[in-house]
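> Starting from these lines, generate the structure:
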Amino acid sequence: MVSDDRSPRTSVLGTGGFPPPTLAENFDDVIGVRAILSVTGPDSLAVDREIEEALAERTGAARGVVPVWVRPQEPGGRPDLVRALYSALGLGHHRTQPRTLSAAEDLIAAELRRTGPLLIVSGAHVLGTEALYLLYRMWSVGVPQGFPLVLAGDERLGRVLWRRRLASLDSCVYVRHRLSA
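Below you'll find the model as predicted:
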């Protein structure tokens, strides 16, 4: 069931004696409202495998949203994220990446608004504050008609999102899905 409000929730514990939503159900909800989903687990590879399985279980309108995986290289700074986004969105097929970060970021943001993909950032726990804030800015510009964003990583992701400069991003996480060990 898709909710049309953006009040955050955590799917670690069920409410009212009901089991917590599955990751696939959380994908359906997040895609429906084009919100942010945080998925954490014991290690990044396990999280990515669970996400791939859950993507196969999507239902309804969520099935039509194209997933775009972004895997930035460490150390995960803003330039690393921009390169990974530019490549994952296929912008390099049409033109070479602009020399300035801001020009590349503008092209990426325009493509995200145009296509509205399910953007999955694998290994988000290694991204620096500037890189994560860039994702937040690109996502927030498109609200409410933006794109659904998934931040996937190991258990460190929660602590990373608590950084003071990322308070806006952290407060906009609609669902926090924690995988068990």
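> Could you look up the SS state of the most centrally placed residue in the chain?
Closest residue to the average C-alpha location of the chain: Val150 at 2.0 Å, with Cα atoms, centre = their mean. With DSSP: H, G, I helix; E, B strand; the rest coil as the basis, Val150 sits in strand.
> what number of residues lie near Glu50?
Glu50 has 18 neighbours, counted by other Cβ atoms under 10 Å. Just so you know, the C-beta spots here come from the backbone N, C-alpha and C atoms, and that holds for glycine as well.
> Can you tell me which helices and strands the helix or strand that contains it packs against?
For Glu50, the enclosing helix or strand under DSSP states H and E is helix 44-56. Helix 44-56 is packed against helix 23-33, strand 36-41, strand 149-154, with contacts defined by 3 or more Cβ pairs under 8 Å, 6 or more residues apart in numbering; DSSP states H and E.
> which stretch in the ones you listed has the least confidence?
Least confidently modelled of these is helix 23-33, at a mean of 91 by mean pLDDT.
> Mind putting the helices and strands packed on helix 44-56 into a markdown table with distance to Leu135?
Shown next, in a markdown table, are the helices and strands packed on helix 44-56 (distance: least, Cβ to Cβ, whole Å):
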| stretch | distance to Leu135 |
| --- | --- |
| helix 23-33 | 15 |
| strand 36-41 | 9 |
| strand 149-154 | 7 |
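> just for the chain, where's the confidence low?
Counting by pLDDT under 70, the ranges of the chain that qualify are 1-17, 61, 142-144, 181.
> how about the helices in it?
Taking DSSP state H, the helices of the chain run over residues 23-33, 44-56, 78-88, 101-115, 129-142, 156-161, 167-171.
> Val121: which of the ones you listed is closest?
helix 129-142 (6.6 Å; Cβ to Cβ).
> that older thread, for the residue nearest to the centre of the chain, which residues make a bridge with it?
Counting by DSSP bridges, Val150 is bridged to Leu37, Ile120.
> hang on, isn't it packed against Arg34?
No - using Cβ atoms under 8 Å, Val150 makes no contact with Arg34, being 11.6 Å away.
> circling back to that earlier point, would you format the helices of the chain as a markdown table with distance to Arg95 included?
Formatted as a markdown table, the helices of the chain follow (distance: least, Cβ to Cβ, whole Å):
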| stretch | distance to Arg95 |
| --- | --- |
| helix 23-33 | 29 |
| helix 44-56 | 29 |
| helix 78-88 | 10 |
| helix 101-115 | 8 |
| helix 129-142 | 19 |
| helix 156-161 | 32 |
| helix 167-171 | 29 |
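> Ok, which of those helices comes nearest Gly123?
Between Gly123 and the helices of the chain, the tightest spacing by Cβ to Cβ is seen for helix 44-56, at 5.1 Å.
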